[in-house]
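Undergrad: Quick one, fold the following:
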Amino acid sequence: MRGKEVLNAIKKDIDEHIGEKVLLRANSGRRKVVIREGVLEKTYPNIFIVRIDGSDSTSRTISYSYSDILTQTVQLVFNEASMAIG
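TA: This next block holds a predicted model:
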């Protein structure tokens, strides 16, 4: 059950930053890394949602699981103060 505790700790850390701007770095596989800026919209028991604003006035939402943070598939940086989760 140690893994469940770690995921709950990650969720609590992310919960503190709801509504803040975030720099998202996601590994998309095959040496492809996506870096985008967005806003941490909402958290749910198993996922969190980031809204990405596009250059043409469109926005889209992307969801990730807390295990993505644990496995470092996704990294979040808040407030440009180099405080990173993951």
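
Undergrad: Quick one: end-to-end distance for stretch 14-34.
TA: End-to-end distance for stretch 14-34: 20 Å, by Cα to Cα, to the nearest Å.

Undergrad: So what touches that stretch?
TA: Defining contact as Cβ atoms under 8 Å, 6 or more residues apart in numbering, one finds that stretch 14-34 is touched by 35-43, 48, 50, 52, 62, 64, 66, 68-69, 72-80, 85. From N, CA and C alone the C-beta is placed, and that goes for glycine too.

Undergrad: all helices of this structure, in order?
TA: For the chain, the helices defined by DSSP state H cover 2-15, 66-70.

Undergrad: Can you add mean pLDDT and give those helices back as TSV?
TA: Formatted as TSV, the entries for those read as follows, by pLDDT from 0 to 100:
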stretch	mean pLDDT
helix 2-15	92
helix 66-70	94
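
Undergrad: Please identify which of these is closest to Ser57.
TA: Each of the helices of the chain was scored for nearness to Ser57 using Cβ to Cβ, and the closest is helix 2-15 (27.3 Å).

Undergrad: Tell me which residues touch Val74, please.
TA: Counting by Cβ under 8 Å, 6+ apart, Val74 touches Leu24, Arg25, Ala26, Asn27, Tyr64, Asp68, Gly86.

Undergrad: so it bridges to which residues?
TA: Beta bridges link Val74 to Ala26 when assigned by DSSP bridges.

Undergrad: Just name the shakiest helix or strand of this protein by mean pLDDT.
TA: The helix or strand of the chain with the poorest confidence is strand 83-85; it has a mean of 50 (mean pLDDT, DSSP states H and E).

Undergrad: remind me which residues of the chain are low pLDDT?
TA: 1, 80-86 (pLDDT under 70).

Undergrad: now do 50
TA: 82-84 (pLDDT under 50).

Undergrad: Adjacent strands (with direction) for the longest strand along the chain?
TA: If you go by DSSP state E, the chain has its longest strand at strand 32-43. The partner list of strand 32-43 in its sheet, established with DSSP bridges, is strand 21-29 (antiparallel), strand 47-53 (antiparallel).
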